[in-house]
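**Q** Here's a sequence, model it:
(chains A and B)
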Amino acid sequence: MLASRLAKPKGTPTMRWLGPLSPALLIMLLFFAGPIIWACYIAFTNKALTGVGASHAKWVGFSNFTHMFSDPLFVHSLLLTLIYVVGSAIIGQNTLGFLIALLQRSKNAIFTAVLNTFVIGAWVMPETVAAFCWYAYLYQGGTLDSFLHHVGLSQDWLYTTPMLAIIIANVWRGTAFSMLVYSAALSDLPTDLLEAAQVDGANQLSMLRRIIIPLLRRSIVTNLMLITLQTLASFTLIFVLTAGGPGEESQTTPLYIYQQALQLYDISYGTAMCIVLLLIGALFSVVYIKLIKVEEVS
Amino acid sequence: MSGALTISEPRVAQAAPTARASRGRFQITSPRATMAKLSAYGVLVLVGLFFITPLLWLVLAAFEPEAAVGASTPLVLSFSNFGKVLNWSGTFLPLINSAIQSGGTAVLTVVASLFAAYPLSRYHMRFRRPFLYTIVFSTGLPITAILVPVYSMFARFDLVDNVPAVILFMTATSLPFGIWLMKGFMDGVPIDLEQAAWVDGATWVQSLRRVVAPLMMPGIAVITIFTFVSQWGNFFVPFILLQSTSKLPASVAIYQFFSQYGQTDYGQLAAFSILYTLPVVMLWIVMSRFLRGNFTFAGAVKG
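**A** Coordinates of the predicted model:
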């Protein structure tokens, strides 16, 4: 899909590409690359919003980073982030999304349309509203509670099981993405292979294990990468539901960064943690690029 | 939804009609298969219940005059909660702010990515590949993780509480994905149509405006709506970068309402939530119309 050598739009060669690219480049350099470069500078200073660090930030070398790994709260937050990503994205959304996509094949069209509306609705609605729904659902005296108090299980689930609460809420919120990815991938499967396996008397489970999953391997890995990236930096849902509490029981790294940098004003320490989070994200992002192969689609 | 929501590159559906017709149509008729089908419906119904129950509160509480935190059946269908929240500073101003901020971001993103996609889709360029790799790489970066340095940069240059600067930041974070989508849509427009225009001496602006853009209106609509919907739900960015109550979008205003009166006024919170959610749900329905016609999402991730 590239221009032949003969015909080219009017204008000098440089202007032909720099002209159209410049607005996007300028905005991204100033407001995307700029903050990242700025971060790499202030993470090595003692910059703060109050006190000495506010007016005279000093170069402090790697001390923000060494402090981080001896900070039990940071290590704790990383662990919670790992639990949150594995529990809600890799296990929860991925499995449930795959299950819905698989079971929906060749089912009643109206039934699947209604189901899809609710699954996708949970994903499309603003994140704060999704969080309110779950707050009202899990809070003491909430919907779930009004069902469960008959069997003596009345409690504030956000207080007693905060991690489980945010994990389930995030499964509810994000499953639609995996479902859409897998529906698309499943509809592209070659049917002759499945038919042949059926003729040979393969049961559903072995078809799934021997044919469908191997054929979808790339979709699965790509989906896992994307939902990991999306979940890693998840803030709003947890912030509205538990605000990281009670205590630090559900304080994942983004919430800890928020507390340190924007509530306790330790900007440089917060930025250093941001860089660690960015590096983890960058690692997954590189794997993702390897998978989609830019040139294949251009 | 910014950062938290990414859809892989769309692909113009080019599957041959025969291939499309034969897809996913293997029928099962044995008794064991009927059982399998029934149990599949059973599982799907349970999944449906899981997705519906948390929404019950939203709908029921909104129409109940003295709603408590739990969902309970309203005795009377009442719009009094809507009546109470429909006022200028509580609802209309935040919704207008949301519309300005997400609308501004969507327009800027679409225009800048339409321009940027043109050379990426049309020309041989030495740095085209590395540039595209950088774009895809940036779509994966967790935006939440750059907000602290962004805040400190905004504070340094006195941009905190500055709406245009916030729109530019949200545009910068929407652009990588916008450019990637736009390039995908533009690749689907045959280049032959432009060749004639180029021979006649058209500049890139002219051929983009007169030839390419009109042919990819569905794609442009999808990117506009997608960016708008993502930013409409964006809570963290305005929460950090804006301060004046008069500038706050609905996402932040509704959170403040929740933390101030939420414990006591669930009915109003639910009514406000519905008013705030409806526009994006309607836009999403419009967008899926566009997608069903010409495009399929998640094309790049197929095996």
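
**Q** Grab the nearest non-local neighbour of B:Phe50.
**A** Counting by CB to CB, 6 or more residues apart in numbering or on different chains, B:Phe50 lies nearest to A:Trp172, which is 7.0 Å off, once chain neighbours are set aside. Glycine gets a C-beta too; all of them are placed from N, C-alpha and C.

**Q** Quick check: the gap between the residue most central in space within chain A and A:Gln263.
**A** By CA atoms, centre = their mean, chain A has its centre lying nearest to A:Gln230, at 1.4 Å. Counting by CB to CB, to the nearest Å, the separation of A:Gln230 from A:Gln263 is 25 Å.

**Q** quick revisit: surely the residue nearest to the centre of chain A and A:Gly174 touch.
**A** Yes: using CB atoms under 8 Å, A:Gln230 is in contact with A:Gly174, at 6.9 Å.

**Q** which regions of the chain sit below the pLDDT cut-off?
**A** No chain specified, so I'll use chain A. A:1-8, A:10-12, A:49-55, A:140-142, A:149, A:152, A:154, A:292-298 (pLDDT under 70).

**Q** try again with chain B
**A** The low-confidence ranges in chain B, as defined by pLDDT under 70, are B:1-30, B:66-76, B:262-264, B:292-303.

**Q** now the strands for it?
**A** B:11-12, B:295-296 (DSSP state E).

**Q** quick one on the thing from earlier: hang on, the residue nearest to the centre of chain A in a helix?
**A** Yes: assigned with DSSP: H, G, I helix; E, B strand; the rest coil, A:Gln230 falls within a helix.

**Q** Quick check: B:Phe169 touching B:Pro149?
**A** No: applying CB under 8 Å, one finds B:Phe169 not in contact with B:Pro149, separated by 11.5 Å.

**Q** Ramachandran coordinates for A:Lys45?
**A** Lys isn't right for residue A:45; it's Thr. The phi and psi values for A:Thr45, taken as degrees, to the nearest 10, are phi -120, psi -180.

**Q** leaving aside the residues next to it on the chain, what's closest to it?
**A** A:Ala57 (4.3 Å).

**Q** for the one you found, what are its contacts?
**A** Shown in contact with A:Ala57 (CB atoms under 8 Å, 6 or more residues apart in numbering or on different chains): A:42, A:45-48, A:268.

**Q** Please apply the same query to A:Thr242.
**A** Taking CB under 8 Å, 6+ apart as the test, what A:Thr242 contacts is A:158, A:162, A:165-166, A:249-250.

**Q** And the helix or strand encompassing A:Trp38, what's buried?
**A** Using DSSP states H and E, A:Trp38 sits within helix A:34-42. For helix A:34-42, the neighbour count (16 or more other CB atoms under 10 Å in any protein chain shown) marks A:34-36, A:38-39, A:42 as buried.

**Q** I'd like to know how far B:Gly90 sits from chain A.
**A** According to CB to the nearest CB, to the nearest Å, B:Gly90 and chain A sit 15 Å apart.

**Q** For burial, what's the neighbour tally of that residue?
**A** Other residues near B:Gly90 come to 16 when the count uses other CB atoms under 10 Å in any protein chain shown.

**Q** these two touch, right, it and B:Ala271?
**A** No: counting by CB under 8 Å, B:Gly90 does not reach B:Ala271; the two are 10.6 Å apart.

**Q** How about residues contacting the helix holding A:Trp38?
**A** Contacts for helix A:34-42 (CB under 8 Å, 6+ apart): A:57, A:267-268, A:271, A:274-275, A:278, B:146, B:148-150, B:152-153.

**Q** again with stretch B:130-144
**A** Taking CB under 8 Å, 6+ apart as the rule, stretch B:130-144 contacts A:28, A:32, A:225-226, A:229, A:232-235, A:254, A:277-278, A:281-282, A:284-286, A:288-289, A:292, A:294, A:298, B:2-3, B:6, B:120, B:125, B:173, B:176-177, B:179-180, B:183, B:236-237.

**Q** in that stretch, what counts as buried?
**A** Under 16+ other CB under 10 Å, the buried positions of stretch B:130-144 are B:131-132, B:135-144.

**Q** Can you list which of the residues you listed are found in helices?
**A** B:131-132, B:135-140 (DSSP state H).

**Q** any idea how far B:Phe268 is from B:Ala253?
**A** For the record, residue B:268 is Gln, not Phe. 12 Å.

**Q** Could you do B:Thr109 as well?
**A** B:Thr109 is 24 Å from B:Ala253, by CB to CB.

**Q** More neighbours: which of those two?
**A** Between B:Thr109 and B:Ala253, counted using other CB under 10 Å, B:Thr109 has the larger neighbour count: 30 against 23.

**Q** Do I have it right that that one meets B:Ser174?
**A** Yes: using CB under 8 Å, B:Thr109 is in contact with B:Ser174, at 4.4 Å.

**Q** any common contacting residues for the two?
**A** B:Thr227.

**Q** close enough to count as contact, A:Thr253 and A:Leu79?
**A** No: with contacts counted by CB under 8 Å, A:Thr253 stays clear of A:Leu79, the gap being 9.5 Å.

**Q** These two: who's more crowded?
**A** A:Thr253 (27 against 12).

**Q** do you know how far that one is from A:Tyr269?
**A** 13 Å.

**Q** A:Met207 too?
**A** Distance from A:Met207 to A:Tyr269, by CB to CB: 53 Å.

**Q** Neighbour count for these two, which is higher?
**A** Per other CB under 10 Å, whichever of A:Met207 and A:Tyr269 has more neighbours is A:Tyr269, with 27 against 16.

**Q** Wait, a strand at the more buried one?
**A** No: counting by three-state DSSP, A:Tyr269 is not found in a strand; it is helix.

**Q** quick one: it and B:Leu56, what's the gap?
**A** 43 Å.

**Q** how many other residues sit next to the nearest residue to B:Pro142 once chain neighbours are set aside?
**A** Leaving aside its sequence neighbours, B:Pro142 sits nearest to A:Ala233 (CB to CB, 6+ apart; 3.1 Å). By other CB under 10 Å, the residues close to A:Ala233 number 26.

**Q** Am I right that A:Ala233 is in contact with A:Thr252?
**A** No: shown here, A:Ala233 and A:Thr252 do not form a contact pair, counting by CB under 8 Å, at 9.3 Å.

**Q** For whatever helix or strand the residue nearest to B:Phe50 lives in, list every residue counted as buried.
**A** Assessed by DSSP H and E, A:Trp172 sits inside helix A:162-187. Across helix A:162-187, burial judged by 16+ other CB under 10 Å covers A:162-163, A:165-187.

**Q** follow-up on the earlier one: quick check: of the buried residues of stretch B:130-144, which lies closest to A:Tyr135?
**A** B:Thr144 (20.5 Å; CB to CB).

**Q** For that closest one, which non-adjacent residue is spatially closest?
**A** Per CB to CB, 6+ apart, closest to B:Thr144 is A:Ala233, 3.6 Å.

**Q** and what of A:Leu229?
**A** Closest to A:Leu229 by CB to CB, 6+ apart is B:Gly140, at 4.8 Å.

**Q** what sits against B:Thr106?
**A** Careful, residue B:106 is Ala; it's not Thr. Taking CB under 8 Å, 6+ apart as the test, what B:Ala106 contacts is B:174, B:224-225, B:227-228, B:231.
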